[in-house]
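Chemist: below are the sequence and a predicted model for it; my questions follow.
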Amino acid sequence: CALPICCTCHSNLGGTSVAHNFPSTYIAGAMYSITISIQTSANPTSGGFNVEVDKGQVMNPGTGVQTTQQGDSATHTNRNQIQWTFDWMAPFGGTGAATVDMAVMDANGNSANSGDGWGTLQVIIPEGLPPNDAPVVSNVLVSPSPEADNDESLALTYDYADRKST
């Protein structure tokens, strides 16, 4: 369980799950703005969360969020929120799939460990391919120009560049 205190100390009424916007595939080295929230049919007013990543780094914590110095996890700093934000920088190219473990807890505010709900989720995010940029043609010149006779041959010259993927 990504939030051991939830799983071992709090009862779980069920019906609570993790809502997130981690990408379904990542582009190496890209920065993603992540939002984690509690998804439930109840009307939660307080809770907590924890996210652990095995690749990439969590950083730039939003209000009520702290990240570890190693950048491998993010968690809540107070219990008065039900949604949290931070950035995730995807790992470098060739690293492979990243595993993200997430947990949220919907607290009922009774200052006890009963009547709460929690949910966990693990997602595996495969490395995607870099975008395929279209080639660029420049310095196009048709000769003779501006007008050629009907029986005259034409010559075309140009420069061509195609960005290579690394």
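Modeler: That came in fine, so what should we check first?
Chemist: hey, where'd the strands end up in the chain?
Modeler: Taking DSSP state E as the test, the strands found in the chain are 16-20, 31-40, 46-53, 57-59, 65-67, 73-76, 83-89, 98-107, 117-125, 136-143, 155-161.
Chemist: dump the ones you listed to a markdown table, plus mean pLDDT.
Modeler: As requested, these are exported to a markdown table (pLDDT from 0 to 100):
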| stretch | mean pLDDT |
| --- | --- |
| strand 16-20 | 90 |
| strand 31-40 | 94 |
| strand 46-53 | 92 |
| strand 57-59 | 97 |
| strand 65-67 | 96 |
| strand 73-76 | 96 |
| strand 83-89 | 96 |
| strand 98-107 | 91 |
| strand 117-125 | 91 |
| strand 136-143 | 85 |
| strand 155-161 | 86 |
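Chemist: for the closest residue to residue 72 other than its chain neighbours, name its beta-bridge partners.
Modeler: Beyond its immediate neighbours in the sequence, the residue positioned closest to residue 72 (C-beta to C-beta, 6 or more residues apart in numbering) is residue 53, lying 5.8 Å away. Bear in mind the C-beta positions are built from the backbone N, C-alpha and C, glycine included. Beta-bridge partners recorded for residue 53 (DSSP bridges): residue 100.
Chemist: next, the contact list for residue 53, please.
Modeler: For residue 53, the contacting residues are 72, 73, 88, 98, 99, 100, by C-beta atoms under 8 Å, 6 or more residues apart in numbering.
Chemist: how many neighbouring residues does the fourth one have?
Modeler: It refers to residue 98. When neighbours are counted by other C-beta atoms under 10 Å, residue 98 registers 20.
Chemist: swap in the second one?
Modeler: The burial metric for residue 73, expressed as a neighbour count using other C-beta under 10 Å, is 15.
Chemist: relative to residue 147, how far out is it?
Modeler: 70 Å (C-beta to C-beta, to the nearest Å).
Chemist: one more: the first one?
Modeler: Taken as C-beta to C-beta, the spacing of residue 72 relative to residue 147 amounts to 68 Å.
Chemist: who has more neighbours out of these two?
Modeler: A direct count of neighbours by other C-beta under 10 Å for residue 72 and residue 147 places residue 72 higher, at 15 against 6.
Chemist: pretty sure the more buried one is touching residue 51, no?
Modeler: No. Between residue 72 and residue 51 there is no contact under C-beta atoms under 8 Å: 9.4 Å.
Chemist: touching both of these two, which residues are there?
Modeler: residue 58.
Chemist: ok, and the closest non-adjacent residue to residue 98?
Modeler: residue 55 (3.9 Å).
Chemist: is residue 71 in contact with residue 58, as I believe?
Modeler: Yes. With contact defined as C-beta under 8 Å, residue 71 reaches residue 58; the gap is 5.5 Å.
Chemist: no further questions, thank you.
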